[in-house]
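Peer 1: No sequence on hand, only this structure:
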DNA sequence: GTCTATATTCTGATAGAC
DNA sequence: GTCTATCAGAATATAGAC
């Protein structure tokens, strides 16, 4: 599905519905029957679009990784540590805001990564995550650095994807997440 | 189960096992069969200790709320805003460290609260959480305040409960979580 | 306190008609 | 592209023996 467009075809609606139900019940707690019911189709119709439940999980995870990876790569090309951190943080926050529930889902539910990993050979989350973390902490991180980044990434993703902020506009949410992120990383305040 | 003691009786071992499996697979993704298998007993034996799966969830959630509630109450009795924040933060972090996986589980998995809520009439999580948030932000919070506290509580709970830090000792973990928390809340550094 | 055995419902998944 | 029908296996839960 492309930018901001509303999903019309069944396949896209199916993925949106899956994300919603996965968020509420977890991947392993969501049955294909639940997805089918929510869409008003039968289980067999779901199987027409995806061969297995794992394939649905993979189709959700893989595009997200495909978006995060270049952000991290671009960040590592920056010359100063400060610029690297700024780019990685801005990119990560932007992804959270644009995908809302999705990034939070991947961090909350280990089941979606297990499921996606069973059918796909796309780059693992662990890989991309390790690179993202290194952007934030630099080489030779202290234990404090590592824990701070854990808190940062998890906190941002979960808060940004929270239903409570579902109707906060992108611009506002992005601003607040960035502010909090910069504070945690000890970066100076930015002129908005 | 009492402080630091190892669970010997089946009921306590059952609860420990449930927390572990709930964390990995989500409450709705964990079957009583999985719990029974992990314990080396039969499903029927599990039913002897708990009437339903919801009852297990409730027995996990309720004691945690019983620990968090007085912390928030005590904090609100402090006179200065600074002392209130310090007390609430120290208490919250202490709970995360002592219970590790548990606090993170409650934040990650909506299913455990749904399940617990079905069998129990104990004070709701929403209630206690609202009070905790108010301790951190004070009256008349700005949207920025609210989002910051969201990031703080979720980040601390998830990072503290992460398996990666399972063998970091309590003292160290508590120190790092407190540092990050104080930074996010804009509190001055403390002499350790 | 744990077991076997059983009833019932639901799961993921497939085959084949429209 | 969606349907009905069907499968083997696993789910929650109960009854009753040891």
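Peer 2: Yep, it's here. Computed from a predicted structure; not experimentally measured.

Peer 1: which helices and strands does the longest helix seen in chain A pack with?
Peer 2: Identified as the longest helix of chain A according to DSSP state H is helix A:53-77. Where contact means 3 or more C-beta pairs under 8 Å, 6 or more residues apart in numbering or on different chains; DSSP states H and E, helix A:53-77 is packed against helix A:10-25, helix A:81-99, helix A:101-108, helix A:110-119, helix A:125-137. Yep, even glycine has a C-beta here, placed from its N, CA and C like the rest.

Peer 1: Could you report the neighbour count for residue A:181?
Peer 2: 24 (other C-beta atoms under 10 Å in any protein chain shown).

Peer 1: close enough to count as contact, residue A:153 and residue A:92?
Peer 2: Yes. With contact defined as C-beta atoms under 8 Å, residue A:153 counts as touching residue A:92 (7.2 Å).

Peer 1: okay, those two: which has more neighbours?
Peer 2: residue A:92 (26 against 23).

Peer 1: what does chain A have sitting close to chain B?
Peer 2: A:24-30, A:107-111, A:143-144, A:147-148, A:150-152, A:154-156, A:158-159, A:162, A:164-165, A:168, A:172-173, A:176-177, A:179-180, A:183-184, A:186 (C-beta under 8 Å from any C-beta of the partner chain).

Peer 1: repeat that with 6 Å
Peer 2: Applying C-beta under 6 Å from any C-beta of the partner chain, one finds that chain A approaches chain B through A:25-26, A:28-29, A:108, A:111, A:144, A:147-148, A:150-151, A:154-155, A:158-159, A:176, A:180, A:184.

Peer 1: list the contacts for the residue nearest the centre of chain A?
Peer 2: Centroid check for chain A by C-alpha atoms, centre = their mean gives residue A:103 as the closest residue, at 2.1 Å. With contact taken as C-beta atoms under 6 Å, 6 or more residues apart in numbering or on different chains, residue A:103 is in contact with A:96, A:157.

Peer 1: Please apply the same query to residue A:58.
Peer 2: Residue A:58 neighbours (C-beta under 6 Å, 6+ apart): A:116, A:119-120.

Peer 1: out of those, who has the most neighbours?
Peer 2: Among the contacts of residue A:58, the one with the most neighbours (other C-beta under 10 Å) is residue A:116, at 25 neighbours.

Peer 1: I'd guessed that one sits against residue A:57; true?
Peer 2: Yes. Residue A:116 is within contact range of residue A:57, at 4.5 Å (criterion: C-beta atoms under 6 Å).

Peer 1: Give me every residue in chain A lying close to DNA strand C.
Peer 2: Proximity of chain A to DNA strand C (C-beta under 7 Å from any atom of the strand) is limited to residues A:30-34, A:43-44, A:47, A:51-54.

Peer 1: Tell me the one of these nearest residue B:75?
Peer 2: Minimum distance to residue B:75 across the residues of chain A next to DNA strand C is 37.8 Å, recorded for residue A:30 (C-beta to C-beta).

Peer 1: Could you check how far the nearest residue to that closest one once chain neighbours are set aside is from residue B:77?
Peer 2: Nearest residue to residue A:30, sequence neighbours excluded (C-beta to C-beta, 6 or more residues apart in numbering or on different chains): residue A:21, at 4.6 Å. Counting by C-beta to C-beta, to the nearest Å, the gap from residue A:21 to residue B:77 is 43 Å.

Peer 1: quick one, which of those two is more surrounded?
Peer 2: When neighbours are counted by other C-beta under 10 Å, residue A:21 and residue B:77 differ, and residue A:21 comes out ahead with 18 against 9.

Peer 1: got a pLDDT number for the residue nearest to residue A:87 when sequence neighbours are not counted?
Peer 2: Counting by C-beta to C-beta, 6+ apart, residue A:87 lies nearest to residue A:75, which is 4.1 Å off, once chain neighbours are set aside. Per-residue pLDDT puts residue A:75 at 97.

Peer 1: who are the neighbours in contact with residue A:75?
Peer 2: A:84, A:87-88, A:135.

Peer 1: what about residue A:79, how many residues close to it?
Peer 2: Residue A:79 has 7 nearby residues by other C-beta under 10 Å.

Peer 1: do the same with the one 4 residues further on
Peer 2: Neighbourhood size, residue A:83 [other C-beta under 10 Å]: 12.

Peer 1: How about residue A:164?
Peer 2: 11.

Peer 1: how far away is the residue nearest to residue A:87 from residue A:54?
Peer 2: For residue A:75 relative to residue A:54 (C-beta to C-beta), the value is 31 Å.

Peer 1: I figured residue A:181 hits residue A:89, correct?
Peer 2: Yes. Taking contacts as C-beta under 6 Å, residue A:181 lies within contact range of residue A:89: 5.0 Å.

Peer 1: ok, and the most crowded of the contacts of residue A:75?
Peer 2: For the contacts of residue A:75, neighbours were counted using other C-beta under 10 Å, and residue A:88 has the most, 25 neighbours in all.
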